[in-house]
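Novice: Give me a 3D structure for the following:
(chains A and B)
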Amino acid sequence: MNPNEDKGFDRQMRDKFENFKPEVPTGLWDKIEAQLDAQDGHHMVSMARGRRRLPTWWLAVAATLLVVCGMAYWYSRPLEVTYLQGKAVIQEEDSRKPVATYIPEEKPATTVDPLDVERLKRLFAKKRSRIERNENTRGVEKTREVAKESPNETDPSQWVTTKDVLETEKPAEGKIGAVASDKPEDGTIVSENVVANVPDIKPPVILEDEEETMLASTDGKQPFGLSNILNYVVGTVDQREEKLVTFSNDNEGSLKLDFNFGLAKNKKKKIK
Amino acid sequence: MEQTITIDSLYEGCKEGSRQAQEKLYRALASKMLGVCMRYANNTFEAEDMLQMGFMKVFGNIESYRGEGSFEGWIRRIMVNTAIAAYRKNMRGGHAVEIDETHDGMQTFAMDALECEDLLQIIQTLPAGYRIVFNMYALEGYSHKEIAEALHISEGASKSQLSRARAWLKEKIKGGTYESK
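Specialist: Numbering: from 1, shown residues only, chains lettered A, B, ... in the order given. As a prediction, this is how the structure comes out:
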């Protein structure tokens, strides 16, 4: 076949269909529109799904992180708490016998007592008054416990004070017994035993001082606690003498936060 | 010309998903595109399905129009692609019709004397394989290479199918303008 013929034929065909515009059925646009609407709806649904799906994935990650952090905190924090509690438990258990057994051994050391007592009394006079104000009856109870507990300290440095306490405790027991008698507990038995074994050497007034001393010593025992670290951090940020936030540890191992709102207000004013 | 400007101006609206712009585009081009689909389809119903599918593709893939060539030309190519997809689908279904099965009983016309509808009727009786190659090469201007790629056939097959389609059509249009030339 002749190629030119073919080209002519093709052109003729093209010309024929050039303006070929058959009638479009009227309902076709409605079909297309409905299909478009359905597609838009589907798009929106799928987008919404996508939006919902992503957060759940992140939620799972966040939850896992939270659990891990929580566990890490749980295993690190209790060290402090159990240490304090552990003391208390051991003290309660052991205080009965040890107090009685230690006393005879430490009798010779009594000669040192008057000096120590006098010194300690002077040193902690301020502290005592403060503690008395703050803690009242609870403080008295606490001191009694502390005095009993001290012999079980594992810290060697504590043994020095323990000795002192034990020495002073002998007479103290009489007073403790009196205090404890108000509330009949384990303590009363202990104190009674002590009273029976040990003669009264010091006046009860001094004993109170001793107890306070012990309380002070337990307080001073936590200079490397969390509160000090936090205070140090605050100190590095807040260069002023009075810090906006100060941390302090409780006798029971809980952390106290003190906000100085006066400072905060001043700061704001300065900014203005 | 005026219409082309209108169609191009509708592009932005369609891109933003404006239903009004989409409808305007449809109203402007539906008839012309149905004419394209008719040449590829076996019948009017199939052509209308192609048209609908084609417009859905146009609206759904409007962002892939890069501004190369006219917007109308792009839409037309989409219609042809839709037709090609339909052809392939039919081929898989085993709907290929042998030439000898259908040409019986067909009348022959002189081309000039033929109305578009009549000519279309002849084209629609062509076996699908011949018809699509003839449409693409003679009426759309694709090369044999392009046709071969689109239909997953060899270039040689495309050429032979084209010549057979021509022969078949000429025979049907016997005695018309073509013959008198």
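
Novice: Could you pick out the residues of chain B near chain A for me?
Specialist: B:17, B:19, B:22-23, B:26-27, B:30-32, B:34-35, B:38-39, B:44, B:48, B:51-52, B:55-56, B:59-60, B:111, B:114, B:116-117, B:119-120, B:137-139, B:163, B:166-167, B:169-170, B:177-178, B:181 (Cβ under 8 Å from any Cβ of the partner chain). Every C-beta, even on glycine, is put in place using the N, C-alpha and C of the backbone.

Novice: Try it again at 7 Å.
Specialist: Contact residues (Cβ under 7 Å from any Cβ of the partner chain) of chain B with chain A: B:19, B:22-23, B:26, B:30-32, B:34-35, B:38-39, B:48, B:51-52, B:55-56, B:59, B:111, B:116, B:119, B:138-139, B:163, B:166, B:170, B:178, B:181.

Novice: Which segments of chain A make up each domain?
Specialist: Split into domains by automatic domain parsing, chain A comes to A:84-220, A:226-271.

Novice: Just give me the lowest mean pLDDT stretch among those domains.
Specialist: Among these, domain A:84-220 carries the lowest mean pLDDT, a mean of 53.

Novice: Report the buried residues of the helix or strand where B:Glu48 lies.
Specialist: In this structure, B:Glu48 sits in helix B:44-60 according to DSSP states H and E. Within helix B:44-60, the residues scored as buried using 16 or more other Cβ atoms under 10 Å in any protein chain shown are B:44, B:46-59.

Novice: before we move on, what about stretch A:226-236?
Specialist: Under the neighbour-count criterion of 16+ other Cβ under 10 Å, stretch A:226-236 has A:227, A:230-231 buried.

Novice: of those, closest to chain B?
Specialist: Proximity of the buried residues of stretch A:226-236 to chain B (Cβ to the nearest Cβ) peaks at A:Leu230, which lies at 56.7 Å.

Novice: what's near enough to touch the closest one?
Specialist: Contact partners of A:Leu230, counting by Cβ atoms under 7 Å, 6 or more residues apart in numbering or on different chains, are A:Phe247.

Novice: Go ahead and confirm B:Val138 touches A:Arg11.
Specialist: I think there's a mix-up here, since residue B:138 is Ala and not Val. No: assessed by Cβ atoms under 7 Å, B:Ala138 is found out of contact with A:Arg11, at 8.5 Å.

Novice: Looking at those two, which one has more neighbours?
Specialist: Of the pair B:Ala138 and A:Arg11, B:Ala138 is the one with more neighbours under other Cβ atoms under 10 Å in any protein chain shown, namely 22 against 11.

Novice: Tell me, what's the model's pLDDT at the more buried one?
Specialist: 92.

Novice: which residue packs closest to it, ignoring adjacent ones?
Specialist: Of all residues not flanking B:Ala138 in the chain, A:Asp10 sits nearest, at 3.8 Å (Cβ to Cβ, 6 or more residues apart in numbering or on different chains).

Novice: on contacts alone, who are the packing partners of whichever strand or helix holds the one you found?
Specialist: Counting by DSSP H and E, the element that carries A:Asp10 is helix A:3-18. When contacts are defined as 3 or more Cβ pairs under 7 Å, 6 or more residues apart in numbering or on different chains; DSSP states H and E, helix A:3-18 packs onto helix B:116-125, helix B:155-172.
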